[in-house]
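Asks: Requesting a structural model of the entry that follows:
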Amino acid sequence: MQCVPDADQKIVFDRFHIMSHMVKAVDMVRKQEHRQLSAAGDDTLKGTKYLWLFSSENLPDKHRPKFEGLKEMNLKVGKAWAIKESLRELWEYRHPELARHFFKKWYAWASHARLEPVRKVAEMIKKYLENVLTYCRHRVTNAVAEGLNSKIMTIKRRACGYRNKEHFKTAIYFFCGGLHLYPC
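Replies: Take a look at the predicted model:
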């Protein structure tokens, strides 16, 4: 960041990676609470890991009744999940100042929720807030680069590695170049 002049205006921190940190925090809260409940003989959270990792609209219909019941139980993981879902609203703002106002309220909630993993993620986001808010201005993600990188890693795995860097580059150009080699 020191090598890029005005980095806070140019670098965009990707929402996918920020939300993945938040999802991990929710899972850590679930694990901690599950251990506490299991020690007391309560298996309420047994088999619920993936329910808490879904976003609200992606939860399969067959799991909705169980999940609604879990959310009403005043669990710590339920609070962590609600904080995670609320953070998703940050990406809908188009004006950095409105997003900053939203973040301040979200941060107050997340940092005072007494959930250490969630607090740590909130601190991390606060540290890089300017680069997170850059998304409001530029609306870019690194999804294309991530997809291309995934494709390159698949090429490498299929070949079990390459001994010659030039052959590896040729394979990347061949599979990722977008050429249509079939006759018309």
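
Asks: Need the pLDDT of Thr154.
Replies: At Thr154, the pLDDT value in this model is 90.

Asks: Which parts of whatever helix or strand it lives in count as buried, going by neighbours?
Replies: Assigned by DSSP states H and E, Thr154 belongs to helix 143-158. Neighbour-count burial for helix 143-158, counted by 16 or more other C-beta atoms under 10 Å, picks out Ile155. For every residue, glycine as well, the C-beta is placed using N, CA and C.

Asks: Would you mind listing the outside residues contacting it?
Replies: With contacts defined as C-beta atoms under 8 Å, 6 or more residues apart in numbering, helix 143-158 is touched by 14, 16, 162, 168, 171-172, 175-176.

Asks: what do you get if the cut-off is 7 Å, keeping everything else the same?
Replies: With C-beta atoms under 7 Å, 6 or more residues apart in numbering as the test, helix 143-158 has contacts from 171-172, 175-176.

Asks: and the residues you listed as CSV, adding pLDDT, neighbour count and distance to Val144?
Replies: Listed next are the contacts of helix 143-158 as CSV, based on pLDDT from 0 to 100; neighbours: other C-beta atoms under 10 Å; distance: C-beta to C-beta, whole Å:
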residue, pLDDT, neighbour count, distance to Val144
Ala171, 84, 16, 20
Ile172, 85, 16, 15
Phe175, 84, 14, 16
Cys176, 84, 13, 11
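
Asks: Inside strands: which ones of those?
Replies: The members of these all map outside strands under DSSP state E.
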